[in-house]
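**Student:** sequence unknown, structure follows:
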């Protein structure tokens, strides 16, 4: 979700069986309670999902997963938050790791950091750049998580709270996207990275209602002007197909 022009705009994957490749839909709201569906905001020649949206220099950007393209591609809003166009390819997959999933980006102390999961290896790669459009290079400590189906796949927006950065990870056991964990990033620079698991258990997980009985795997947390936090989450239904 992002806020723009006094409205909240929410982006999500639409599973269109006729196209069978995933599309990014959009809804908007003035009060976070009543939402109006705006239609499809982004289509591609390849599968699209995980629409990570953010604001930089008063411009709206989207970094969706498009692993089938073998790239991490940046999109920019055109005229309205419901229309987007390709802006740049930030990273191209290399032979040493497979296509990268669920790219999650954050600007910290003047540098950009991009987290993305190499699914078949269950690794979490970290890239850095001094400018949003690059040049992007792999962090010297990357991959920062290796061979972990529990902690290597991003699960939402990186957030700052009480002076600490937090990242979320989706747990692939006992099934895809069953729960989400939080990690406190204790050190982040272009030369070093450290994190620790927040010990309070999963942030969200499968529950008793049908809409999230098979799991929950994305958390998008936002701090409001009054200091309170809200989070938008997803749920995997009992008949969810992978």
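**Tutor:** Sure thing, it's come through. Everything numeric in this text was worked out from a predicted model, so none of it was measured.

**Student:** Pop the domain breakdown of the protein in here.
**Tutor:** The chain breaks down into these domains under automatic domain parsing: 1-92, 101-242.

**Student:** surely residue 137 meets residue 130?
**Tutor:** No - under the criterion of CB atoms under 8 Å, residue 137 is not in contact with residue 130, lying 9.9 Å apart. For glycine as for every other residue, the C-beta is placed from the backbone atoms N, C-alpha and C.

**Student:** Now the strand ranked longest in the chain: buried residues?
**Tutor:** In terms of residue count, the longest strand belonging to the chain (DSSP state E) is strand 80-92. Buried residues in strand 80-92, counted by 16 or more other CB atoms under 10 Å: 81, 82, 84, 87, 89, 90, 91.

**Student:** For that strand, the averaged confidence score.
**Tutor:** If you average the pLDDT over strand 80-92, you get 93.

**Student:** Show the contacting residues for residue 197.
**Tutor:** Neighbouring residues of residue 197 by CB atoms under 8 Å, 6 or more residues apart in numbering: 151, 181, 182, 183, 184.

**Student:** hang on, the earlier thing: which of the buried residues of strand 80-92 sit farthest apart?
**Tutor:** 82 and 91 (26.5 Å; CB to CB).

**Student:** what's the spacing between residue 154 and residue 115?
**Tutor:** 5 Å (CB to CB, to the nearest Å).

**Student:** any residues in contact with both of those two?
**Tutor:** What both residue 154 and residue 115 touch, as defined by CB under 8 Å, 6+ apart, is the set 103, 104, 124, 167.

**Student:** of all these, which comes closest to residue 32?
**Tutor:** Nearest to residue 32 among the shared contacts of residue 154 and residue 115, with distances taken as CB to CB, is residue 104, at 22.5 Å.

**Student:** Is there a neighbour count for that closest one? I'd like the number.
**Tutor:** Other residues near residue 104 come to 24 when the count uses other CB atoms under 10 Å.

**Student:** correct me, but it touches residue 53?
**Tutor:** No - counting by CB under 8 Å, residue 104 stays clear of residue 53, with 11.3 Å between them.

**Student:** anything in contact with each of those two?
**Tutor:** residue 63.

**Student:** number of nearby residues for residue 147?
**Tutor:** 9.

**Student:** how far away is the nearest residue to it once chain neighbours are set aside from residue 98?
**Tutor:** Closest residue to residue 147 apart from its sequence neighbours, by CB to CB, 6 or more residues apart in numbering: residue 122 at 5.2 Å. Here the criterion is CB to CB. By it, residue 122 lies 11 Å from residue 98.

**Student:** Over to residue 10?
**Tutor:** 30 Å.

**Student:** ditto for residue 117
**Tutor:** With CB to CB as the criterion, residue 117 and residue 98 are 10 Å apart.

**Student:** What of residue 146?
**Tutor:** 14 Å.

**Student:** Next: residue 221.
**Tutor:** 29 Å.

**Student:** Comparing those two, which residue is more hemmed in?
**Tutor:** Higher neighbour count among residue 221 and residue 98: residue 221, with 19 against 16, using other CB under 10 Å.

**Student:** same for the helix or strand hosting the more buried one, what does it pack against?
**Tutor:** If you go by DSSP states H and E, residue 221 is part of strand 219-223. If you count contacts as 3 or more CB pairs under 8 Å, 6 or more residues apart in numbering; DSSP states H and E, strand 219-223 packs onto strand 159-161, strand 229-233.
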